[in-house]
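In: When you get a sec, could you give me coordinates for this:
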Amino acid sequence: PIKIVFISWNYTDFEKFHQDVGSAIDVINTTSPYYSEMFDIKYVDNSDNLGCLDPIGCFPTKYPQMAEIGYRIYPNSAAFVVISDLRPQTSAQGIAALGNNIAAIYSPTALINPDWFPKTVVHELLGHIVGQLYDRYVYTGRNPFTGEPYGKLLKGLRSNCTEKTNGENFWRQAGGESFA
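Out: Coordinates of the predicted model:
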């Protein structure tokens, strides 16, 4: 199995963190083509914030330290997911370092809309980290933060799904359509 380690960030209640990871596991186990026996899920109850309150905002400079927290306890891990329990400072729900096997997402209660959590887990963990896919934003509607209309594919982003129906469908189900 693929060992995935969930690491808490700014949680004061580790029981809540475990419940949030349980919600993520439910999503992982019900997302095709993945299945529950593929993954060995571990938890790290981390109380260190590495001098940064927003894991998404400081992700580019702090992700090696985030991964190190997991590697200390689970040295043979394949991927890490940091879940933050603080309200996002940006409109992003998550971020992943493609090729570095680590993602950071916000907890359901930290997000403006808790219904975004399952899609964020699928998008960042299964799409980027496990699937090694580039973003494929095929949005309809309007950006919930700015009210601006979305185009079919955001300019400047690489896409690996343009002519692949299965990839296109996966991204639509993984947050590739407007959350509004």
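
In: any idea of the pLDDT on the most centrally placed residue in the chain?
Out: The centroid of the chain falls nearest to Glu124 when counting by C-alpha atoms, centre = their mean (3.4 Å). According to the prediction, Glu124 has pLDDT 87.

In: again with the one 3 residues further on
Out: Gly127 carries a pLDDT value of 82.

In: What is the neighbour count of it?
Out: Residues lying near Gly127 (other C-beta atoms under 10 Å) number 28. Bear in mind the C-beta positions are built from the backbone N, C-alpha and C, glycine included.

In: before we move on, what about Asp115?
Out: Residues near Asp115, counting by other C-beta under 10 Å, number 10.

In: Give me the residues contacting the top strand by length along the chain.
Out: In terms of residue count, the longest strand belonging to the chain (DSSP state E) is strand 2-9. Residues outside strand 2-9 that contact it (C-beta atoms under 8 Å, 6 or more residues apart in numbering): 14, 17, 21, 24, 38-47, 49, 55, 66, 69-70, 73-74, 76-86, 104, 125, 130.

In: now do 7 Å
Out: Residues outside strand 2-9 that contact it (C-beta atoms under 7 Å, 6 or more residues apart in numbering) are 14, 17, 21, 24, 38-46, 49, 55, 66, 69-70, 74, 76-84, 130.

In: show me where pLDDT drops low in this structure?
Out: 53, 55, 90-91, 97-99, 134-180 (pLDDT under 70).

In: Which stretches in it count as helices?
Out: 14-29, 59-73, 116-121, 165-173 (DSSP state H).

In: Could you look over those helices and pick the most buried one?
Out: Per residue and on average, the most neighbours among these fall to helix 116-121, with a mean of 22 (mean count of other C-beta atoms under 10 Å).

In: quick one: Ile4 from Val21, how far?
Out: Ile4 sits 10 Å away from Val21, going by C-beta to C-beta, to the nearest Å.

In: now do the same end-to-end measure for stretch 35-45.
Out: 25 Å (C-alpha to C-alpha, to the nearest Å).
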